[in-house]
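# I need the structure of the sequence given here:
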Amino acid sequence: MSSLSIFLSRNPNAVLVTVASAKGSTPREEGAFMLVSEAECFGTIGGGQLEFMAIDNARALLTGSGLPQMDVPLGPEIGQCCGGRTLLSFQNMTPQLAADLESRFAAESGANPQVLLFGAGHVGKALALALSPLPFQVTVVETRAEALEELPPNISSRHMAMPESLIKDLPAGTAVIILTHDHALDFLIAKEALARNDLAYVGMIGSSTKRATFKSWLQRETDGTVSAEKLVLPIGGTMVRDKRPAVIAALVAAELLETYGRRTTDLGL
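Residues are numbered from 1 along each chain as shown. Got it, this is the predicted structure:
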């Protein structure tokens, strides 16, 4: 269930706020949206005073007043200095509007890069949580069924006895992050991933010693036909020496955002 579906199920009486037009320098682009209910909000149109005004107007609409549109100059008069102008539209939620919005959200989410997390230990769960609000399709793969409990609701999961067998069928551009409870399994998954040359990111949790051990093992197992050069190990870099799962997760999330941002630029998008 997507985060949007969860919000709509909890808040059927809500207002859709959409950036109908964005001219000049504005916090968000045309088409950006947020949902506002009496007690909650989903998404953002850019924050600041503009968003406070939009929330107030949306909640007024829920009580029978409020405006269907707001044309807002982003200047000193509202305490923002962007200098542009934003036209906002407001629509009370209906079943058809909710269905259309979920279809749009699903289509946009389906275009997001796929990220597979192999392992749902402390770091795997922390990383799943860190990635859950980001523009990725995340799947956690585990050999232990009980380890897949309590994942964020928008994170997919796979319980498999031989997770390395998934690698051959992954779409090009997928990210593979290896964090299992078993070094031998880590090595098997990494070998399969590195044998491909079209994955966006292959990372493994561990130390420089683990990297050296894996490199030697990979050389023996593949007669040197598969290189460890593209393996990111340790994941999260070496600048911040902090082994707490949440910190590692934040650093890896940043690595993934940088990786996909760089790939988009390289493709001219």
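
# my guess is T225 is in a helix, correct?
No: T225: not assigned to a helix; according to DSSP: H, G, I helix; E, B strand; the rest coil it is coil.

# what is the burial count for it?
T225 has 9 neighbours, counted by other CB atoms under 10 Å. From N, CA and C alone the C-beta is placed, and that goes for glycine too.

# one more: A120?
Neighbours of A120 (other CB under 10 Å): 27.

# same deal with S109?
15.

# now do the one 5 residues further on
With neighbours defined by other CB under 10 Å, the count for Q114 comes to 19.

# just D100 next, same as before
When neighbours are defined as other CB under 10 Å, D100 has 12 of them.

# where does it sit: helix, strand or coil?
D100 - assigned by three-state DSSP - is helix.

# name the element A54 belongs to?
helix 48-62 (DSSP states H and E).

# output whichever helix or strand comes after that helix as PDB, nothing but the C-alphas.
Downstream of helix 48-62, the next assigned helix or strand under DSSP H and E is strand 69-73. The C-alpha trace of strand 69-73 is given here as PDB (Å, rounded to 0.1, in the frame of the first residue of the first chain):
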ATOM      1  CA  GLN A  69      -7.800  29.400  -6.200                       C
ATOM      2  CA  MET A  70      -5.100  31.600  -4.700                       C
ATOM      3  CA  ASP A  71      -2.700  33.700  -6.900                       C
ATOM      4  CA  VAL A  72       0.200  34.400  -4.700                       C
ATOM      5  CA  PRO A  73       3.200  36.800  -5.400                       C
END
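
# returning to that earlier point: what is the helix holding A54 packed up against?
strand 15-23, strand 33-36, strand 69-73, strand 85-92 (3 or more CB pairs under 8 Å, 6 or more residues apart in numbering; DSSP states H and E).

# of all those, which one is nearest V123?
strand 33-36 (31.9 Å; CB to CB).

# the closest one: which residues count as buried?
For strand 33-36, the neighbour count (16 or more other CB atoms under 10 Å) marks F33, M34, L35, V36 as buried.

# not counting sequence-adjacent ones, nearest residue to the third one?
By that I understand L35. Among residues not flanking L35 along the chain, F42 sits closest, at 4.2 Å (CB to CB, 6 or more residues apart in numbering).
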